[in-house]
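*Asks:* any chance you could fold what I've pasted below:
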Amino acid sequence: MSLVTNAASRVERDSEDLDLSCLKLTCPINVDEIATRWLNRWLTAPGQVVKEYHRKISAFTYRILGSYASRAVRGHGLPPFIHPSQMMASSSCPPLAACMSVVRMCEKPLPGSEDATVEVLQQEINKV
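*Replies:* Below is the predicted model:
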């Protein structure tokens, strides 16, 4: 039996015996803000102070996020933070098809379409 197979069977066996019901987990940050806190950089709340990043960090982040969008739009795969199972419809959450549509809108925006894109983004945020 290979090392990987051994490890996989051990993890499976251990997870069957694992009882997490006695844990009392607490979240150190406001739970209501978790879903949208990453947007705070671009869509600020009233009174929010925006953290300024070094221009090289901002440029790097912009390029990485842009490459994720390009890969998704061109059909070369999902961004690394999206699991393929999230693209399938389930009763608990809708598929990320709407997200991919927004990605397409943002990847190559048409001149003058900024307001429409912001409106669609706001609608999707409200759905979440």
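*Asks:* okay, now residue 39: neighbour count?
*Replies:* Residue 39: 13 surrounding residues under other CB atoms under 10 Å. From N, CA and C alone the C-beta is placed, and that goes for glycine too.
*Asks:* distance of it from residue 128?
*Replies:* Separation of residue 39 from residue 128 (CB to CB, to the nearest Å): 10 Å.
*Asks:* what of residue 88?
*Replies:* 18 Å.
*Asks:* how much space separates residue 77 from residue 43?
*Replies:* Relative to residue 43, and taking CB to CB, residue 77 is found at 27 Å.
*Asks:* again, but for residue 54
*Replies:* In terms of CB to CB, residue 54 sits 22 Å off from residue 43.
*Asks:* quick one, which of those two is more surrounded?
*Replies:* Per other CB under 10 Å, whichever of residue 54 and residue 43 has more neighbours is residue 43, with 12 against 8.
*Asks:* and that one, what does it touch?
*Replies:* Taking CB atoms under 8 Å, 6 or more residues apart in numbering, we find residue 43 in contact with 121, 122, 125.
*Asks:* neighbour-wise, which of these leads?
*Replies:* Neighbour-wise, the contacts of residue 43 (other CB under 10 Å) top out at residue 121, 16 neighbours.
*Asks:* just the C-alphas of the top helix by length along the chain, formatted as CSV.
*Replies:* Ranked by residue count, the top helix of the chain under DSSP state H comes out as helix 55-73. Output of helix 55-73 as CSV, limited to C-alpha atoms (Å, rounded to 0.1, in the frame of the first residue of the first chain):
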residue,chain,number,x,y,z
ARG,A,55,1.8,50.9,-4.8
LYS,A,56,3.8,47.7,-5.6
ILE,A,57,1.5,45.6,-3.4
SER,A,58,-1.5,47.1,-5.0
ALA,A,59,-0.1,46.5,-8.5
PHE,A,60,0.7,42.9,-7.6
THR,A,61,-2.8,42.2,-6.1
TYR,A,62,-4.4,43.8,-9.2
ARG,A,63,-2.4,41.5,-11.5
ILE,A,64,-3.1,38.4,-9.5
LEU,A,65,-6.8,39.1,-9.4
GLY,A,66,-6.8,40.0,-13.0
SER,A,67,-5.2,36.7,-13.9
TYR,A,68,-7.9,34.8,-12.0
ALA,A,69,-10.5,36.7,-13.9
SER,A,70,-8.8,36.0,-17.3
ARG,A,71,-8.4,32.3,-16.6
ALA,A,72,-12.1,32.0,-15.6
VAL,A,73,-13.4,34.0,-18.5
